[in-house]
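A.B. asks: Using only what follows, build the 3D model:
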Amino acid sequence: MSSASPAPRSFIGCHALVWTGTFDAAGIRLSVEKTARAGFDLVEFPLMDPFTFDTAVAAASLAEHGLSASASLGLSPATDISSEDPEIVAAGEALLMRAVEIVGELGGTQLCGVIYSAMKKYMDPVTPKGLDNSITTIGRVADRAADLGLSLALEVVNRYETNILNTGRQALAYTDRVARPNVAVHLDSYHMNIEESDMYSPVLDCGDRLGYVHVGESHRGYLGTGNVDFDSYFKALARIGYQGTIVFESFSSAVVAPDLSRMLGIWRNLWQDNEELASNANDFIRGHLTAVKSIDLH
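C.D. replies: This is a model prediction of the structure:
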C-alpha cells in the first residue's frame, strides 16, 4: 500500500532585521544562525544594497543551518520606478534585476516588498505616467524573475510608505495590469490594520493571488500585545488554503538600521530580548495555524 504524500505546508520565517541592522558577512551569519535557533524555516533578507550583498556568505550560512531564504526591499527616491524621470526609473530597474538575481543565487523563490515605488511618504498621488512606468518596469522584472524560476510579491503598505498600493484591492488591480503569472500580492497585518476595513476580507479578495504574508503587531512589537485581529487574519488564510510563506516582522530601536529606522519611524524600544521575541512569534504563528486547522472538524 502506497503512503500518502505529505500535505503542503507554509514556510514560517523571520525578518532578519529582528537580529541585526548591519548586513555585512558577520550580520548575515548572525541573522541566519539566530533565525534557525528560534525554530523558523526561512529568513527574509532585507536587501539594503543588492550590489554589495554577499551572496556567497549567505548561501553558505543557509546551507549550514538548513534554512530557506527570501529577500525584500523598498526602493529609494533615487530608484523610484514610479518616477516620471527615465534615469531614475532605469536605476530602479537595474537594482530590481540585481535583487532578483540574488534571490536565485540564494536558492530562494521570491522577491517581495515595496518594489513598485519608493518607500516613503509622498506628498501627492501617483501620476498616470508614474503608475505606467511602475507597471511596465515590474513587468520586465517579472519576466527576468520567470526566467530564473522566481516570483515577485508586491507588498501592500500604508499611506505613509507609498501612494500606489495601500489596500489589497489596489494590489489586485495593479497586478491585473502587470499581467504576469509570477506576480502576486504581499499582505502585511501591520499595514492592513491601518488601511483595510477588516483583517478577513482582503485575504479572501486576494485568494490564490496572495503570494506572501507578513505577520506584524500594530505597534511592531510582541505578537498578541497590540490590536491586530489575528484570529480573523489566520482564519482567512485557512479559508483560502494559503500555503505560502509567512514571515514575522518586528522593529525596535534595540536593532537599528539607520536609514530604515528613520523611514519607518522606529523611535522607541519595543523589546530588548530578540531571541525571546522571535521564539514567541514562532510559537504564536504556528499555534494559530494549528488552531484554524481544527475548524475543519467543527
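A.B. asks: Okay, now the unreliable bits of the stretch 1-150 of the chain?
C.D. replies: The stretch 1-150 of the chain contains residues with pLDDT under 70 at 1-9.
A.B. asks: residue ranges of the helices in it, please?
C.D. replies: Applying DSSP state H, counting those that start in this stretch to the stretch 1-150 of the chain gives helices spanning 25-37, 55-65, 86-105, 128-147.
A.B. asks: of all these, which lies closest to Glu275?
C.D. replies: Between Glu275 and the helices of the stretch 1-150 of the chain, the shortest gap by CB to CB is with helix 25-37, which sits at 6.9 Å. The way it works is simple: take the backbone N, C-alpha and C, and place the C-beta from them, glycine included.
A.B. asks: Tell me which of the helices of the stretch 1-150 of the chain lies nearest to Ser117.
C.D. replies: helix 128-147 (6.1 Å).
A.B. asks: Which positions within that closest one qualify as buried?
C.D. replies: Residues of helix 128-147 classed as buried: 130-131, 133-135, 137-138, 141-142, 144-146 (neighbour count, 16 or more other CB atoms under 10 Å).
A.B. asks: JSON lines for the residues you listed, including distance to Ile81?
C.D. replies: Listed next are the buried residues of helix 128-147 as JSON lines, based on distance: CB to CB, whole Å:
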{"residue": "Gly130", "distance to Ile81": "9"}
{"residue": "Leu131", "distance to Ile81": "10"}
{"residue": "Asn133", "distance to Ile81": "6"}
{"residue": "Ser134", "distance to Ile81": "5"}
{"residue": "Ile135", "distance to Ile81": "9"}
{"residue": "Thr137", "distance to Ile81": "4"}
{"residue": "Ile138", "distance to Ile81": "7"}
{"residue": "Val141", "distance to Ile81": "9"}
{"residue": "Ala142", "distance to Ile81": "12"}
{"residue": "Arg144", "distance to Ile81": "14"}
{"residue": "Ala145", "distance to Ile81": "15"}
{"residue": "Ala146", "distance to Ile81": "18"}
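A.B. asks: now, which of those sits nearest Val57?
C.D. replies: The closest of the buried residues of helix 128-147, once distances to Val57 are taken by CB to CB, is Ala145, at 23.0 Å.
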